[in-house]
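K.L.:
I would like the atomic coordinates for the input below:
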Amino acid sequence: MQRPDMAEMPETTPPTAPGFRPVALGLWVAAAIFVFDQASKLWLIYGTDIRLTYPWPVLPWFDLTVVWNYGISYGLFQQHSDIGRWALTAFKLGAAIFLAFWLRKSTGRLEAAGIGMIIGGALGNALDRALHGAVFDFAHFHIGDFSWYVFNIADAAIVAGVGLMLLSQFFTRPQPPGAASAPEKP
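P.N.:
Numbering: from 1, shown residues only. All right, here's what the predicted structure looks like:
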């Protein structure tokens, strides 16, 4: 039997688990990626002599090295002028702002974490470009003659973030039109 005061309350189903806030998760992930990315770069640049003695073999298929990337992913669109530098910085910041708005509409953990990873990576690389004029890349995977491009924590987070966002689409249940708000009972 239902209490009389409960009969008037509309039935709603929360789109996510109680207490879960996708924006908070995404922002925490973004902050963690940004801090981890910047800490790794600052340690390598200023806490070691890697700039003078690279590459540093870590494993037979992985080295730490020094590459200043004046372009975007995979070294595309190399920019050596101040206009190009600031245009790419503005692009990264614009992408982070766009993704922050997207994050506000996120309802799932995977999507929120993925967006956060991309935001953190974009901000990490934007700060590099603003401070140094280029992005500091240092991780290099290679096997025999095959060489993967040199990247950093921010780059890896961006790729993983896109992967999480795509993966989240497999776990998102489509909602019928009007499902966001439950109809009121007469």
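K.L.:
looking only at pLDDT, what's the mean for stretch 150-163?
P.N.:
If you average the pLDDT over stretch 150-163, you get 96.
K.L.:
Please shift the residue numbers so they start at 825 in all later answers.
P.N.:
Let's use 825 as the start, then, which means that last one is stretch 974-987.
K.L.:
Okay, buried residues for that stretch please.
P.N.:
Val974, Phe975, Asn976, Ile977, Ala978, Asp979, Ala981, Ile982, Ala984, Gly985 (16 or more other C-beta atoms under 10 Å). No exception for glycine: its C-beta is placed from N, CA and C like everyone else's.
K.L.:
What ranges in this structure fall below the confidence cut-off?
P.N.:
Within the chain, the segments meeting pLDDT under 70 span 825-844, 896-905, 996-1010.
K.L.:
Just put the buried residues of stretch 974-987 in TSV and tack on distance to Arg953 and secondary structure.
P.N.:
Converted to TSV, the buried residues of stretch 974-987 look like this (distance: C-beta to C-beta, whole Å; DSSP: H, G, I helix; E, B strand; the rest coil):
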residue	distance to Arg953	secondary structure
Val974	16	coil
Phe975	15	strand
Asn976	12	coil
Ile977	15	helix
Ala978	11	helix
Asp979	13	helix
Ala981	16	helix
Ile982	14	helix
Ala984	21	helix
Gly985	19	helix
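K.L.:
What residues sit buried inside stretch 866-882?
P.N.:
By 16+ other C-beta under 10 Å, the buried positions in stretch 866-882 come out as Leu868, Ile874, Tyr878, Trp880.
K.L.:
do you know how far the second one is from Gln862?
P.N.:
For Ile874, the distance to Gln862 equals 16 Å [C-beta to C-beta, to the nearest Å].
K.L.:
and the one residue sitting closest to the centre of the chain, what is it in contact with?
P.N.:
To find the centre residue of the chain, average its C-alpha atoms and take the closest one (C-alpha atoms, centre = their mean): that gives Ile942, at 1.7 Å. Contacts for Ile942 were tallied using C-beta atoms under 8 Å, 6 or more residues apart in numbering; they are Ala919, Leu923, Ala981, Ile982, Gly985, Val986, Met989.
K.L.:
tell me which of the residues you listed is nearest to Phe886?
P.N.:
The shortest approach to Phe886 among the contacts of Ile942 belongs to Ala981, at 17.9 Å (C-beta to C-beta).
K.L.:
thought the closest one was touching Ile939?
P.N.:
No - with contact defined as C-beta atoms under 8 Å, Ala981 does not count as touching Ile939 (11.1 Å).
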